[in-house]
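>>> below is the sequence, then the predicted model.
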Amino acid sequence: MPQAYGERDWEAEAPFRIEEGVCYVVRGKSADSTYRLAARQAEQGVPALCVSRTYPDRLRARYRLASAAVWWITESPGEGHFDPTAVGTLSNAIEEYIERHSDGCLVVLDGIEFISIRIGFTKTLLFIERLNEFVMPRRATVLVPVDPDCFDPKEFAQLDRFTGGIAEEDLRDALDTLEVNRNLGGA
């Protein structure tokens with residue numbers, strides 16, 4: 001049975017549980033709460049990988065992700081850089097990361113809208129479905145922050161259908177509650 005992050009970290013008052021073996025679409029205009037969760041988990045020793053359109057040094061500095069692996073979705077060549085049209089290569093790299101951290105890890109995949117612009121929605125959906133199926137039997141969690149307004153409603157419904165869904169506001173509220181509890185000595 002998949003372990004919930006609630007068993008490691010989340011307080012009972014959190015409005016949902018984030019489980020291992022699940023790929024979640026985090027619906028909202030911002031990925032801020034997703035990165036805050038990744039930073040929190042990394043601080044607690046959970047291996048975290050953030051794949052983003054944001055330049056890695058900026059992402060690390062903004063969210064205190066010093067202990068997380070950060071890869072960049074870009075056309076610029078380099079170590080930890082992935083071309084948005086090479087989703088097969090990116091998928092393989094994410095799968096290898098998950099396999100190396102078989103005791104559990106958290107992966108943030110931010111920039112799916114950009115990938116979709118570059119390769120089209122159908123290939124993007126297949127990429128997310130492949131990742132979702134890979135994660136199911138493993139002790140990993142994938143969070144994919146997505147702005148629903150960037151997709152046609154029917155396309156977004158397809159993207160959201162086979163993944164867990166979290167509203168960014170709910171994630172933000174849960175993290176704020178945990179931060180208050182930590183500041184008060186409760187977490």
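All right, it came through fine.
>>> secondary structure class for the closest residue to Tyr63 other than its chain neighbours?
Spatial nearest neighbour of Tyr63, excluding adjacent residues (C-beta to C-beta, 6 or more residues apart in numbering): Tyr35 at 4.3 Å. (C-beta placed from N, C-alpha, C; glycine too.) Three-state call for Tyr35 (DSSP: H, G, I helix; E, B strand; the rest coil): helix.
>>> next, work out how far apart Tyr35 and Gly78 are.
21 Å (C-beta to C-beta, to the nearest Å).
>>> and these two? Which one has more around it.
Tyr35 (24 against 9; other C-beta atoms under 10 Å).
>>> where in this protein is pLDDT low?
By pLDDT under 70, the low-scoring segments of the chain are 1-16, 178-187.
>>> so what's Val108 bridging to?
Counting by DSSP bridges, Val108 is bridged to Cys50, Leu143.
>>> mind listing what it touches?
31, 34-35, 38, 48-52, 142-145 (C-beta atoms under 8 Å, 6 or more residues apart in numbering).
>>> can I get stretch 24-31 in CSV, CA atoms only?
The C-alpha coordinates for stretch 24-31 follow below in CSV (Å, rounded to 0.1, in the frame of the first residue of the first chain):
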residue,chain,number,x,y,z
TYR,A,24,-0.6,14.7,-9.3
VAL,A,25,-1.7,17.6,-11.5
VAL,A,26,-1.5,20.7,-9.2
ARG,A,27,-4.1,23.1,-10.8
GLY,A,28,-3.3,26.8,-10.5
LYS,A,29,-1.7,30.0,-11.8
SER,A,30,1.5,29.5,-9.8
ALA,A,31,3.9,26.7,-8.9
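>>> if anything else comes up later, I'll come back, but that's it for now.
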